[in-house]
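[1] Curious how this folds, go ahead:
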Amino acid sequence: MTGPLWAETLPVPIGWLKVEQPAPPVLSNLATKADDLGVAGARLGLADNATTGSFMGHDYKLTETLVPEGEDPLAAARAALADTPLLLIDAPADIIVQIADLPEARSAVLFNTARGEDRLRQQDCRANLLHTAPSDAMLSDALMQFISARRWSRLALIQGGHPGDAEFAAALDASATKFGQKIEARKTWEFDADMRRNASAEVPLFTQDLGEYDLLLLADTLDDFDRYIPYNTWLPRPTAGTEGIVATAWSPVVEQWGAAQLQGRFDELAGRDMQAQDYAAWAAVRSIGEAVTRSGVADPSALRDFLLSDDFELAGFKGRQQSFRDWDGQMRQPIPLVHDRAVVAQAPLEGFMHQQTELDTMGADRPETTCTAFAN
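    Numbering: from 1, shown residues only. Below you'll find the model as predicted:
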């Protein structure tokens, strides 16, 4: 009589690395971030992986590394990579590139879970770097699809003075051109006074010379001034971009396609609402879990090949299967367009066609990419 056969346990260590940055001054103290932003999503993804992994002998572990301000992020990355070749990163774009270029990272699979800069998917792309955070181009394309569908042809823009504001404004410009729109008037935010007292007086005068427009776009990636713009403009017009109608990877108001169940499990784990960075980290850990489940291995090279193949799909609670583009490592995914209390629409919108998948109408498509790292 033959006894039971026990499968050997397959260890799957995963790392999460965050490089803390000094918070720039903003006009309002209302904009606060959770201490566990991002990593809470990774923890939920780990719990979800364990549900299936426990039956298959897959042992998932998460190691969390927080790099305080002023400490060496590359030394911390080397230490994290010594423990696992599967690493989620929340760091400025330049540091992400430096980590990806480390000799210790050459055979690793890294996940950008926080940064939207298009250059990380274009001229600064790296073959070992995948992105579960949507690019700025994906977000701005989603927004321009909605604007085009509503036939709001006259657009104005206010952008802040932070480098991230300029990058997002450039993405809005590119998306406007892509979808046959034009931003006709623009201004740069110039105030540093307390808008809690002055917004109703200053903002109408500031926006008066923008002329006629259907929609006012806001590029304020620090959430510095944009909260003071709606309902204070000279013309009674809607706002979009970083305030008003916002394109995002995830929002607490997403409820369809089983999202309410994901929201509930996250709230039970973290005691708060799930944010876009939480979702990106969850998607990265779940992508690892799905790849290990389907391939049966934890080797980073084999996992990378599977993640970039046509066989990989992730059920991301947004109504469509999500996958990685094999030309720049970006996860293709639906983009909810939301305000604080509800989903307005979800891109890709009906009518925006693509020969492969409508998800590739947002962000850099294969013919548009300047990334060469994935060519081989």
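[2] Check which helix or strand the closest residue to residue 273 other than its chain neighbours maps to.
    Sequence neighbours aside, residue 252 is the residue nearest to residue 273 in space, at 3.7 Å (criterion: CB to CB, 6 or more residues apart in numbering). Using the backbone N, CA and C atoms, a C-beta is placed for each residue, glycine as well. Applying DSSP states H and E as the criterion places residue 252 outside every helix and strand.
[3] okay, which residue is most central for this protein?
    residue 133 (2.5 Å; CA atoms, centre = their mean).
[4] What number of residues are in the vicinity of the closest residue to it other than its chain neighbours?
    Leaving out its chain neighbours, the residue that sits closest to residue 133 by CB to CB, 6+ apart is residue 280, at 4.4 Å. Around residue 280 sit 28 other residues, with neighbours defined as other CB atoms under 10 Å.
[5] you'd agree residue 280 is up against residue 274?
    No. Residue 280 lies out of contact with residue 274 (CB atoms under 8 Å); the separation is 10.6 Å.
[6] so what sits against both of those two?
    Common neighbours of residue 280 and residue 274, counting by CB atoms under 8 Å, 6 or more residues apart in numbering, are 41, 250.
[7] Could I get the full set of helices for this structure?
    Secondary structure of the chain (DSSP state H): helices at 39-56, 73-83, 93-100, 136-150, 163-178, 195-207, 259-270, 276-295, 300-307.
[8] Among those, which comes closest to residue 318?
    helix 259-270 (7.2 Å; CB to CB).
[9] which residues touch residue 295?
    By CB under 8 Å, 6+ apart, residue 295 lies in contact with 302, 303, 306.
[10] among these, which ones are buried?
    303, 306 (16 or more other CB atoms under 10 Å).
[11] Switch the contacts of residue 295 over to TSV; also include pLDDT and distance to residue 246.
    Listed next are the contacts of residue 295 as TSV, based on pLDDT from 0 to 100; distance: CB to CB, whole Å:
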residue	pLDDT	distance to residue 246
302	97	38
303	98	33
306	98	33
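[12] Residue 80 is in contact with residue 15, isn't it?
    Yes. Between residue 80 and residue 15 there is a contact at 4.4 Å, judged by CB under 8 Å.
[13] Between those two, which contacts overlap?
    Applying CB under 8 Å, 6+ apart, one finds that residue 80 and residue 15 are jointly contacted by 63, 65, 87.
[14] Looking at these, which are in strands?
    Under the assignment DSSP state E, the shared contacts of residue 80 and residue 15 contribute 63, 65, 87 to strands.
[15] bridging residues for the first one?
    When you say that, I think you mean residue 63. With DSSP bridges applied, residue 63 shows beta-bridge pairing to residue 15.
[16] To residue 115, which of the helices of the chain lies closest?
    Using CB to CB, the helices of the chain put helix 93-100 closest to residue 115, at 5.1 Å.
[17] Could you list every helix and strand in contact with the closest one?
    helix 73-83, strand 86-90, strand 109-112 (3 or more CB pairs under 8 Å, 6 or more residues apart in numbering; DSSP states H and E).
[18] let's see 7 Å
    For helix 93-100, the elements it packs on are helix 73-83, strand 109-112, judged by 3 or more CB pairs under 7 Å, 6 or more residues apart in numbering; DSSP states H and E.
[19] Show the average pLDDT along that helix.
    The average pLDDT for helix 93-100 rounds to 98.
[20] mind checking how far residue 374 is from residue 200?
    With distances taken as CB to CB, to the nearest Å, residue 374 is found 51 Å from residue 200.
[21] And residue 299, by the same measure?
    As judged by CB to CB, residue 299 and residue 200 stand 60 Å apart.
[22] follow-up on the earlier one: next, format the helices of the chain as CSV and append distance to residue 229.
    Shown next, in CSV, are the helices of the chain (distance: least, CB to CB, whole Å):
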stretch, distance to residue 229
helix 39-56, 29
helix 73-83, 35
helix 93-100, 27
helix 136-150, 16
helix 163-178, 13
helix 195-207, 6
helix 259-270, 28
helix 276-295, 21
helix 300-307, 40
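[23] Among the ones you listed, show the one with the smallest mean pLDDT.
    helix 195-207 (a mean of 77).
[24] Leaving out sequence neighbours, find the closest residue to residue 267.
    Leaving aside its sequence neighbours, residue 267 sits nearest to residue 273 (CB to CB, 6+ apart; 6.8 Å).
[25] and that neighbour, how many neighbours?
    With neighbours defined by other CB under 10 Å, the count for residue 273 comes to 14.
[26] what do you get for residue 366?
    For residue 366, the count of nearby residues is 12 (other CB under 10 Å).
[27] Next up, the contacts around the residue nearest to the centre of the chain.
    Contacts for residue 133 were tallied using CB atoms under 7 Å, 6 or more residues apart in numbering; they are 112, 113, 114, 115, 116, 249, 280.
[28] where does residue 29 land on pLDDT?
    The model reports residue 29 with a pLDDT of 62.
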